[in-house]
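> sequence unknown, structure follows:
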């Protein structure tokens, strides 16, 4: 069960961008003709640390989180429960390469590289929006699992502005 949850979490991140010709089986959630770009506010040092996925496109599991580390790694974690209701967190470290300011490439367990972009981050680096140009990936992430309704609303507006169909966003619990 734990392996399934990690696989599901990795699959969710695996929906990060690759050049459009290579991505043929993943569903896109944005209009690719819409402009998209990384935030000019991005600061790698302030982005380090723990983030919780609050809303996402497509199924992404329960209790999904990630930690960005200085050393070029992303620890992706998910909460899983067995049939008897015993729950725990499973995690996997994925190598990350910074492509440019606010743009990253993640090495997936399959060996495939996927990109994700930081589209927006609030001034206090409490809430951020991650996505990619082909729209197969989009997360609203926050430093906390609750609160910040105004920032979550702003994050949804950023996704909409970048061409995403926000009606397809799902709350991650």
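On my side now, so go ahead. All of these numbers come straight from a predicted model, not from anything done at the bench. Numbers count the residues shown, from 1 in each chain.
> Quick one: the strands in this protein, in order.
Under the criterion DSSP state E, the chain contains strands at 49-57, 65-68, 73-81, 87-100, 103-107, 113-121, 127-131, 138-142, 169-171.
> ranking those strands by mean pLDDT, which is last?
Of all the strands of the chain, mean pLDDT reaches its minimum on strand 73-81 (a mean of 80).
> Thought residue 173 was touching residue 63, still the case?
Yes: counting by CB atoms under 8 Å, residue 63 does reach residue 173; the two are 7.4 Å apart. Every C-beta, even on glycine, is put in place using the N, C-alpha and C of the backbone.
> Which one's more surrounded, the two?
residue 63 (20 against 10; other CB atoms under 10 Å).
> Against residue 122, how distant is residue 41?
9 Å (CB to CB, to the nearest Å).
> Compare those two and say which one has the larger neighbour count.
residue 122 (19 against 15).
> Now do the contacts for the more buried one.
Residues counted as contacts of residue 122 (CB atoms under 8 Å, 6 or more residues apart in numbering) are 128, 151, 154.
> out of those, who has the most neighbours?
residue 128 (24 neighbours).
> So that residue versus residue 173, what's the distance?
19 Å.
> So what pairs up with the residue nearest the centre of the chain in the strands?
Taking CA atoms, centre = their mean, the centroid of the chain lies closest to residue 139, which sits 4.3 Å from it. Note on residue 139: beta-bridge partners by DSSP bridges are residue 56, residue 130.
> show me the contacts for it.
53, 55, 56, 57, 60, 129, 130, 131.
> Which two of these have the greatest separation?
60 and 129 (14.8 Å; CB to CB).
> what's the spacing between stretch 79-97 and its chain's center?
Put simply, stretch 79-97 sits 16 Å off its chain's centre (CA atoms, centre = their mean, to the nearest Å).
> For that stretch, measure first residue to last.
Distance across stretch 79-97, first residue to last, is 26 Å (CA to CA, to the nearest Å).
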